[in-house]
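J.: starting from these lines, generate the structure:
(chains A and B)
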2 protein chains.
Amino acid sequence: MKTLFSDRIHDVPRSFIREILKASIKPEVISFAGGLPNRQFFPVAALQKAANQVFEEQGATCLQYSNSEGLIELRQFIADRYRQEQNISVSADNILITNGSQQALDLIAKITINDGDQVIIEEPGYLGAIQALSFYRPEYMPVSVGAAGMDCGQLEHCCASGSPKLMYTVPNFQNPSGVTYPEKNRKDIADIVSGQPLLLVEDDPYGALRFSGARVPSFYHVLPEQTLLLGSFSKVVVPGFRLGWVVAPDAVFDKLLIAKQAADLHTCNFTQYIIHRFLQDNDLDEHIRTISGAYGRQCRAMRAAIVENFPEDVRCTMPEGGMFLWAELPGGASAMELFTRAVDNQVVFVPGDPFYTVPQRRSTLRLNFSCVNEELAEKGIVRLAEVIKTMLG
Amino acid sequence: MKTLFSDRIHDVPRSFIREILKASIKPEVISFAGGLPNRQFFPVAALQKAANQVFEEQGATCLQYSNSEGLIELRQFIADRYRQEQNISVSADNILITNGSQQALDLIAKITINDGDQVIIEEPGYLGAIQALSFYRPEYMPVSVGAAGMDCGQLEHCCASGSPKLMYTVPNFQNPSGVTYPEKNRKDIADIVSGQPLLLVEDDPYGALRFSGARVPSFYHVLPEQTLLLGSFSKVVVPGFRLGWVVAPDAVFDKLLIAKQAADLHTCNFTQYIIHRFLQDNDLDEHIRTISGAYGRQCRAMRAAIVENFPEDVRCTMPEGGMFLWAELPGGASAMELFTRAVDNQVVFVPGDPFYTVPQRRSTLRLNFSCVNEELAEKGIVRLAEVIKTMLG
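T.: Down below sits the predicted model:
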């Protein structure tokens, strides 16, 4: 059947995380893999109440076909929240509701990328973005991201030597590294790309989950015409509703809307009504404080266990929020090999390899701290430390 | 910003139906436009009950991230139903749950079509399919569909003169024409395309909504290796849940799954649980009989009013199920012109134009009968008849 398939399907990496999730289903395995929010904080009772209210108030309306843009009340809530929380002024008319922000990535790529078009991507970068974008066969321009944010020298080189159309970033508590771009770094980036025919995608699923330090202003403040803001209810309410969004300037919004119609007509209407009802009757900020408080404790416990148990030459980031730590083995040791050994010691994580667009042996690993309590975090790190010590000899 | 956009976005027709829906929001307008199921038959109370059971039984599980394939219990229900209703034996493992069957179209196109690949499409054909497919820049091979099904002479010519990869069909109560392919026609089609490197997409959202005649066997019976079956809960339960599916052979399923992951990770988990619960506790067949009984009465009322009021030389199909009638004006009169005049007389429909891949003046029109009761159907047809008579002189 090979000839039946499009060329683009051969360029897309299969989801490594998915395979890993299968491996870590056994209850005796401690998992730092995956990127799930902690289900302990899902507001089940409040959502049930909201769902019943929606059935009573909307009846058949919440079950009928709806418009492709999304529920206007929900889009207005999102616009209001941008204003209140971040002093960002956007119109509800420029917000498109998508099936999680993952769909926004697919739609953005669909309306912008021709085969071979250049796309700047963080190195390491979110593997779901790499998957979504790869279907449109871009030429990736990876730019390093580290504790100081994005490498502006590399970025300048990309813009001078080529003509990138898109730039994908997760500037807050990046997936996978946990890094947050400093304010100065964002300004420098904006100076470099301002006025270029390039759209900067600011994917921000974790921004609200800050447990230390102060919020850094969005790219939207320094690059309003070129920034596409992606957001999601997955990490701050629940992911199962599949509700994300993209904020886009008029010209881009119009194209995204056509792509959305063609892709699936519209996002689930029913869950949009429920989450809107939930947001009316519950204090989202208080809920977020509960989540980020717990994630902060878990992150600190994991970091403390790492400092205590890992060999000194294993490096590790110290995120101010989000869900991930990022570690690097010394001497170019293989994270994939560590993974294989770790499975045998009943602890799993995601090796760095799928977070790079250039396939080569990687020494980096992503450690998720949102789904393990402090005790489990420590226990898992002790297991992992044993494996690292054995492997590094 | 024009240079920012991909070439593919320029090939996609904007949704005409969407614009029309806006025009027909006024309460005094009788609408035969749109393709909505009748909300009067939405099982609101039963779905509310099912939702509450899901919250009680599943708790946070129904709100967490889930797998990309979809809920296995729901996929098993669909497989069982294919066996019971149509004597089609498929494994739940070959069923992928999508955001309505519209998303299945997008994913199928994504994994198969390179720029310029040939695609056979019904003429007239479902405009949502034209939109989804157009993003992948196929060369369309339109093949006429009429009361006798698909034109096999044209089909043979397409297969002999080119190498089409996909063939898109709605063989039951087609959208827009209401036509059902006769059994003999399906066999002839299968004989022509059998063994060719071509996938036949059988999109079947309306098949269960039969109000006269007997079911015609699916293409799956005569072409099991090459048929992709698309189905949906939108027309038989509710569309707002956005739940459809595609049945695909292993090799195709694997590729669709990668595309699904990249597109949006997975379909809304929560609505999958609810509809599965609903299907356990309610008699779907009885529910479908209620819906199709009403649609049948409405269709017959509309047909009767057409026979009584339209000029004799306006032709009209007589569907055995589904939601649409298809009429043709005599002498090449413009359906678009009729539409403009009809709006002034407070009745709307969809002109045939967007259902063709070759833009030219069309005399055909689609009349939806699912959302108008018998009285309203007659009243609207009388209004439309006045406009037709005036226009034709």
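J.: how about the strands in the stretch 101-250 of chain A?
T.: Applying DSSP state E, counting those that start in this stretch to the stretch 101-250 of chain A gives strands spanning A:118-123, A:139-146, A:149-150, A:166-169, A:199-203, A:227-232, A:243-247.
J.: tell me which parts of the stretch 201-350 of chain A are close to chain B?
T.: A:234, A:238-242, A:249, A:251-252, A:255, A:258-259, A:261-271 (C-beta under 8 Å from any C-beta of the partner chain). Using the backbone N, CA and C atoms, a C-beta is placed for each residue, glycine as well.
J.: tell me the secondary structure at A:V307.
T.: Put simply, A:V307 is helix when judged by DSSP: H, G, I helix; E, B strand; the rest coil.
J.: doesn't A:Y206 make contact with A:N172?
T.: Yes. Look at A:N172 against A:Y206 with C-beta atoms under 8 Å: they come within range, at 5.7 Å.
J.: any residues in contact with both of the two?
T.: The contact sets of A:N172 and A:Y206 overlap at A:321-322 (C-beta atoms under 8 Å, 6 or more residues apart in numbering or on different chains).
J.: wait, a helix at A:S370?
T.: No. Counting by three-state DSSP, one finds A:S370 to be coil, located in no helix.
J.: and for it, the neighbour number?
T.: By the measure other C-beta atoms under 10 Å in any protein chain shown, the count of residues near A:S370 is 25.
J.: do the same with A:A251
T.: 12.
J.: for it, helix, strand, or coil?
T.: What three-state DSSP gives for A:A251 is helix.
J.: can you say which of the residues of the stretch 201-350 of chain A next to chain B are buried?
T.: A:234, A:238-242, A:249, A:252, A:255, A:258-259, A:261-271 (16 or more other C-beta atoms under 10 Å in any protein chain shown).
J.: which parts of the stretch 251-393 of chain A are helices?
T.: Counting by DSSP state H, counting those that start in this stretch, the stretch 251-393 of chain A has helices at residues A:269-281, A:284-309, A:335-344, A:374-392.
J.: buried residues in the last one?
T.: In terms of neighbour count (16+ other C-beta under 10 Å), helix A:374-392 has its buried residues at A:374, A:376-385, A:387-388.
J.: switch the strands of the stretch 101-250 of chain A over to CSV; also include mean pLDDT, mean neighbour count and distance to B:T290.
T.: Formatted as CSV, the strands of the stretch 101-250 of chain A follow (pLDDT from 0 to 100; neighbours: other C-beta atoms under 10 Å in any protein chain shown; distance: least, C-beta to C-beta, whole Å):
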stretch, mean pLDDT, mean neighbour count, distance to B:T290
strand A:118-123, 98, 25, 51
strand A:139-146, 97, 18, 54
strand A:149-150, 98, 24, 59
strand A:166-169, 98, 26, 49
strand A:199-203, 98, 26, 46
strand A:227-232, 98, 25, 39
strand A:243-247, 98, 25, 32
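J.: looking at these, which is nearest to A:A50?
T.: Minimum separation from A:A50 across the strands of the stretch 101-250 of chain A (C-beta to C-beta) falls at strand A:243-247, 13.1 Å.
J.: so what strands line up beside that closest one?
T.: Using DSSP bridges, the strands paired with strand A:243-247 are strand A:95-99 (antiparallel), strand A:227-232 (antiparallel).
J.: out of the ones you listed, flag the one nearest B:V314.
T.: strand A:95-99 (40.7 Å).
J.: outside of that closest one, which residues touch it?
T.: Outside strand A:95-99, the residues touching it (C-beta under 8 Å, 6+ apart) are A:68-71, A:74-75, A:78-79, A:104, A:107, A:242-248, A:253, A:256-257, A:260, A:264, A:267-268, A:272, B:99, B:263-264, B:267-268.
J.: can you do 6 Å?
T.: For strand A:95-99, contacts defined as C-beta atoms under 6 Å, 6 or more residues apart in numbering or on different chains pick out A:69-70, A:75, A:78, A:104, A:242, A:244-247, A:256, A:267, B:264.
J.: between those, which sits nearest B:L365?
T.: Using C-beta to C-beta, A:E69 comes nearest to B:L365 of the contacts of strand A:95-99, at 27.5 Å.
J.: how close does the closest residue to the closest one other than its chain neighbours get to A:A104?
T.: Leaving aside its chain neighbours, A:E69 sits nearest to A:L96 (5.9 Å; criterion: C-beta to C-beta, 6 or more residues apart in numbering or on different chains). As judged by C-beta to C-beta, to the nearest Å, A:L96 and A:A104 stand 7 Å apart.
J.: what do you get for A:E320?
T.: According to C-beta to C-beta, A:E320 stands 25 Å off from A:A104.
J.: write out the residues of the stretch 51-200 of chain A neighbouring chain B.
T.: A:51, A:55, A:59-60, A:63-65, A:99-100, A:102-103, A:106, A:111-114, A:131-132, A:135, A:197 (C-beta under 6 Å from any C-beta of the partner chain).
J.: show me the residues you listed that map onto helices.
T.: Under the assignment DSSP state H, these contribute A:51, A:55, A:100, A:102-103, A:106, A:111-112, A:131-132 to helices.
J.: low-confidence regions, the stretch 151-300 of chain A specifically.
T.: Under the criterion pLDDT under 70, no range of the stretch 151-300 of chain A is flagged.
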